[in-house]
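Novice: below is the sequence, then the predicted model.
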Amino acid sequence: MNKLSVADKATERRANHWVDPSFIDLREECSSLSGRRNGNPVLCSKAEMKKKRKREASASYLLKESSQLDQNEPWVEKYSPRSQAELAVHKKKIEEVEKWIRVHTNTKSGILLLTGPSGCGKTATVRVLSLEMGLRVQEWISPTNLEAYSSSHEWRMNGFSSSSQSSQFQDFLLRANKYNCLKMAGDGGVTHSKLILVEDLPNQFYRQPGALHEILRGFVRTSQCPLVFIVSDSLSGDSSSRFLFPKDIQEELGISSISFNPVAPTAMMKVLTCISTQEAAKSCRSVCVPDQTLLETLCSGSSGDIRSAINSLQFSCLSTDSCTSVETGLWRTKKDRSLCRAGSTTSQRKKKSKQEEELAIGGKDASLFLFRALGKILHCKREKHERADGAEGGCGRGLPSHLLHHHRAALLVDPELVVERSHMSGEFFSLYLHQNYLDFFCEVEDVERASEYLSDADLLTADWMNRSVLGDYGSSVATRGLLHSNSQQASVGFRALHKPSWLLVNKKHWENCVAAQSLFRSFCLTPVSLQTELLPYLAKLTNPMRNQDQITFIQDVGQMSLRRFSSRLKPEALTDKESGELEMDSEEEEKEVKEAGGAEEGLPASQPQPTLNQVLLEDEDLIIEEYISD
Amino acid sequence: MSLWVDKYRPSSLGKVDFHKEQAAQLKKLVQCGDFPHLLVYGPSGAGKKTRIMCLLRELYGPGVEKLRIEHQTIVAPSKKKIEINTIASNYHLEVNPSDAGNQDRVVIQELIKTVAQSQQIQSSTQRDFKVVLLTEVDRLTKDAQHALRRTMEKYMATCRLILCSTSTSKVIGPIRSRCLAIRVPLPSIEEVCSVLTSVCKKEGLVLPPELAKQISEKSGRNLRKALLMCEACRVQQYPFSVDQDVPETDWEVYLRETANAIVSQQTPQRLLEVRARLYELLTHCIPPEIIMKCLVKELLNNCDGQLKTEVAHIAAYYEHRLQLGSKAIYHLEAFTAKFMAIYKKFMEDGLDAMMF
């Protein structure tokens, strides 16, 4: 692949067909009548194959497209959006990006960073917008170095010297920036403005983001066209966008950043229905058209990833002979279940529990951001009171009178699922809960019970030998204990969440203990008497026999508490500062989550939420807009 | 200039200030030649280590006081390197195996083996055994204690062990039965007073007997603490006055304030503040067990007699959990919350009773 390839729409599509579409193999194997494979001599070498295929591809491209390609082409490509109206992205986001591009093609500079979960339409938006505005997109594609090793001869002949990816990247930016494309006769003589698009950064930059920043500084100085970075969010916590483009660099280089949300279910449904109707219209016999419930299941199972939703739609529509039985079998169970659910109540169906249903095929693991997962446990949402009153007779009847105070309305969340989806060990999740739970309680009696449950949970996971077995039980005890003991269920409003400070405290404790041991070894004391007796008194004595390290250590460990004691405000200030740092992180998380929440909670707007907290209030305008776009 | 604690530490069994009969018995033990393994136990600040050092001097002469600090690296069977510091003379080796954490078994076996394998050169003039002094034996893992039992028998010919711990309850039975147990109790108030007075006299200071009494009471008969307090008093103010404030350690004052905060208000917000304070204490190297113990003591001082049994009960409950669990803050906080709930209920009941 040439790194300077001008990725126009057509060439890009052709490039895509050098590789077989992913579903072709399946079809071939299923029908077992592929003449093409049998016809090919098996003996020919790989390189020859490649060349042959290339030629074939370029020569018979048109022929193929008319006849066969239609079915083989992935629907993601086939139905890729051509206009703004087709995009499944929120209108305001598109406007935002459009405005940026418009402004910055005029000024011929600027860097834009698009973030968001995978499959939320970042690349599609950029492509559609540049198509509409008549911009030429020049994209960086990381070169694979494998070829350089296998045929170094060719490499040199081509006039390339092999160089590191990062320097190639720098080179690419320089050239793409400086030189315009050659004017071709077919272009119609329009001088295109240009847009540089970078989607997969060379790996080197993940190891040394500093190198990237250097290159970007150079780019900003001489830039002649806008540059767009697209970075997908990962759920594992180490957000690559934050790592590659830290706040200070964003400010220094004037990088504007726009973050995308997962595709809203309504928009996704629109697209899926559109595709399925179009396919049905063409309706070769091979395509079985999915019904509405299937689309809904697909939609909820993809958790806002439109690419995977379309892919699984295509997959589920494939009905070759051999596959049919298996697949319909799979779908049938699914359908039955969803039908049952649909039968019960419509409001029931709109509830969250629907999303927690998982797909047999093509479903994406739904996952939660940590902030959201914690909120689910801490806010302790239960069924509303009217319903609870109605059910009181039913639920309360099961409990004897002396246990009635343990009766609670049914939970709206499944705690184990929440922990699982937070992508975190139960023990660590409990630590997060412990750090934050006090803000959500208003009675000491509740706190007493909650803290005992947390203590129980710690006890369960204390022994390393059983930790792997009991870890899940521990987190169950912690989460369910917290949920149960929060009896008031008062709306606490919005609360900032913090990272647990225990880890830091514990680390510091051990570091200080070790330092104390090594610095004051000459006293030959046991650690306990050293730390609780000697050190505090040494701080009070004026004993000149100590070296510099010892003096600073004593000031740190012995005397600091003295200072803190004299001014009682100190602990507040310290924790404020500490949580201030953490808040910055959690606020970022919170922002993401808030927006993500807006997308996810699009459906049940008709249902009043049990707690009217700030988060929901802020979501409301988003929800309304989505209804308009409907 | 060294601390008074070190400066005036008695160096021979004849010079110790209290438990003189015991010192005489130890002296006889050395003279009769057959020296058993020893298990010296008693509370902190009672003079265990002082007596052990005196005993070693009695055994080997003044050569035992030439100490050197050695940094040893031991390779565990799992190829993991364990670093540990030892204090040694030509005749003995002192080590705190609990420094090595979980790997203490390896440390004990390896160190005793190396010491025991090298014989004394001049066995005619010297004792024919060396001494290994293990401190904080109560913090050894069970594993290590069982390993110790075997090692003790195996190298009896060339090596004697002196074990030092604050209590025997965590030392397994087989080890206790293999050792001669020597209990070193705390000195009485009068004994502490006399030591303080004599130390001050040697320093050329005049210590009023009232102040000496006050210091010894405040120190809880812990002689090391008493001497440190006395020296801090000297820094604070000299000449001493009778009603002088005896300086306490900062963390004790801090903990007392924490206890007051708990008693004065029982809300989740207050618990959050208490948690911050507990964290602060932990970062200042105060072990969680000590925090628990002192917190309970302060709380008991503050609460009504009726509550005391219940508070002591829950304290014991959570102290046990503290030992079993891995994250101390959960249990400290659970105890605080429990106390808050009990105390609040008690106060509300009391208020109701007043109303009617």
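Specialist: Everything's here; your move.
Novice: what's the helix or strand for B:V296?
Specialist: With the criterion set as DSSP states H and E, the secondary-structure element containing B:V296 is helix B:288-302.
Novice: pLDDT at residue 318, what is it?
Specialist: Because you didn't say which chain, this covers chain A. Reading off the confidence values, A:L318 has pLDDT 70.
Novice: was after chain B, sorry
Specialist: At B:Y318, the predicted lDDT confidence score is 95.
Novice: check A:H213 too.
Specialist: In this prediction, A:H213 carries a pLDDT score of 87.
Novice: what's the neighbour count on it?
Specialist: Neighbouring residues of A:H213 were enumerated by other C-beta atoms under 10 Å in any protein chain shown; the total is 18. Quick note: C-beta positions are derived from backbone N, CA and C, even for glycine.
Novice: just the one 4 residues further on next, same as before
Specialist: Other residues within reach of A:R217 by the criterion other C-beta under 10 Å amount to 12.
Novice: just give the nearest non-adjacent residue to it, would you?
Specialist: A:L253 (6.7 Å; C-beta to C-beta, 6 or more residues apart in numbering or on different chains).
Novice: for that neighbour, give me its contacts.
Specialist: A:I111, A:H213, A:L216, A:R217, A:V220 (C-beta atoms under 8 Å, 6 or more residues apart in numbering or on different chains).
Novice: how close does the closest residue to chain A within chain B get to B:P288?
Specialist: Shortest chain B-to-chain A distance, computed as C-beta to the nearest C-beta: residue-wise this is B:T249, at 3.5 Å. Note on B:T249: its distance to B:P288, by C-beta to C-beta, to the nearest Å, is 17 Å.
Novice: and what of A:L411?
Specialist: Distance, A:L411 to B:P288, using C-beta to C-beta: 34 Å.
Novice: so for these two, which sits in the more crowded spot?
Specialist: Comparing A:L411 with B:P288 by other C-beta under 10 Å, the one with more neighbours is B:P288, at 20 against 15.
Novice: quick one, what contacts the more buried one?
Specialist: The neighbours of B:P288, taking C-beta under 8 Å, 6+ apart as the test, are B:L282, B:L322, B:A328, B:H331, B:L332.
Novice: low-confidence ranges, the chain, go.
Specialist: Just going to use chain A. Per-residue confidence of chain A (counting by pLDDT under 70) places the weak regions at A:1-72, A:144-163, A:180-192, A:234-240, A:283-290, A:319-369, A:384-397, A:489-492, A:543-546, A:559-630.
Novice: actually, chain B is the one I wanted.
Specialist: Applying pLDDT under 70 to chain B flags residues B:1, B:120-126.
Novice: show me where it has strands.
Specialist: Secondary structure of chain B (DSSP state E): strands located at B:38-41, B:68-75, B:81-88, B:92-95, B:130-135, B:159-165, B:180-183.
Novice: partners of the last one, with directions?
Specialist: Strands flanking strand B:180-183 in the sheet, each with its direction: strand B:38-41 (parallel) (DSSP bridges).
Novice: quick one: distance of the partner strand to the chain centre.
Specialist: For strand B:38-41, the gap between its own C-alpha mean and the chain's C-alpha mean amounts to 13 Å (C-alpha atoms, centre = their mean, to the nearest Å).
Novice: what comes into contact with that strand?
Specialist: For strand B:38-41, contacts defined as C-beta under 8 Å, 6+ apart pick out B:48, B:51-52, B:55, B:137, B:160-168, B:171, B:175-176, B:179-184.
Novice: doesn't A:S430 make contact with A:S475?
Specialist: Yes: counting by C-beta atoms under 8 Å, A:S430 is a contact partner of A:S475 at 5.9 Å.
Novice: shared neighbours, the two?
Specialist: Shared between the contact lists of A:S475 and A:S430 (criterion: C-beta under 8 Å, 6+ apart) are residues A:A457.
Novice: distance of the nearest residue to A:Q204 once chain neighbours are set aside from A:W140?
Specialist: Leaving aside its chain neighbours, A:Q204 sits nearest to A:S166 (4.6 Å; criterion: C-beta to C-beta, 6+ apart). Relative to A:W140, A:S166 is positioned 12 Å away (C-beta to C-beta).
Novice: these two: who's more crowded?
Specialist: Remark: of A:S166 and A:W140, A:W140 carries more neighbours, 23 against 19, as counted by other C-beta under 10 Å.
Novice: quick one: contacts for that one?
Specialist: Each residue near A:W140 by C-beta under 8 Å, 6+ apart is listed here: A:K3, A:F169, A:F172, A:L173, A:A176, A:I196, A:L197, A:V198, A:E199, A:D200.
Novice: ok, so of these, who is nearest chain B?
Specialist: If you rank the contacts of A:W140 by distance to chain B using C-beta to the nearest C-beta, A:D200 comes first, at 40.7 Å.
Novice: quick one on the thing from earlier: which ones among the contacts of A:L253 map onto strands?
Specialist: A:I111.
Novice: narrow the contacts of A:L253 to those in helices?
Specialist: Cross-referencing the contacts of A:L253 with the helices (criterion: DSSP state H) gives A:H213, A:L216, A:R217, A:V220 as the overlap.
Novice: how about the residues of the stretch 1-150 of chain B by chain A?
Specialist: Selection of the stretch 1-150 of chain B residues close to chain A by C-beta under 8 Å from any C-beta of the partner chain yields B:1-3, B:6, B:44-45, B:49, B:69, B:85, B:87, B:94, B:96, B:99, B:135-136.
Novice: pull out the buried residues from these.
Specialist: Among the residues of the stretch 1-150 of chain B next to chain A, those classed as buried by 16 or more other C-beta atoms under 10 Å in any protein chain shown are B:L3, B:S44, B:G45, B:K49, B:I87, B:E94, B:N96, B:D99, B:T135, B:E136.
Novice: what about the residue nearest to A:P415 when sequence neighbours are not counted, how many residues nearby?
Specialist: Counting by C-beta to C-beta, 6+ apart, the nearest residue to A:P415 once its immediate chain neighbours are dropped is A:T479, at 3.8 Å. A:T479 is surrounded by 26 other residues when neighbours are defined as other C-beta under 10 Å.
Novice: go on, the one 3 residues further on?
Specialist: A:L482 has 26 neighbouring residues, counting by other C-beta under 10 Å.
Novice: mind checking how far it is from chain B?
Specialist: With distances taken as C-beta to the nearest C-beta, to the nearest Å, A:L482 is found 13 Å from chain B.
Novice: no more questions from me, cheers.
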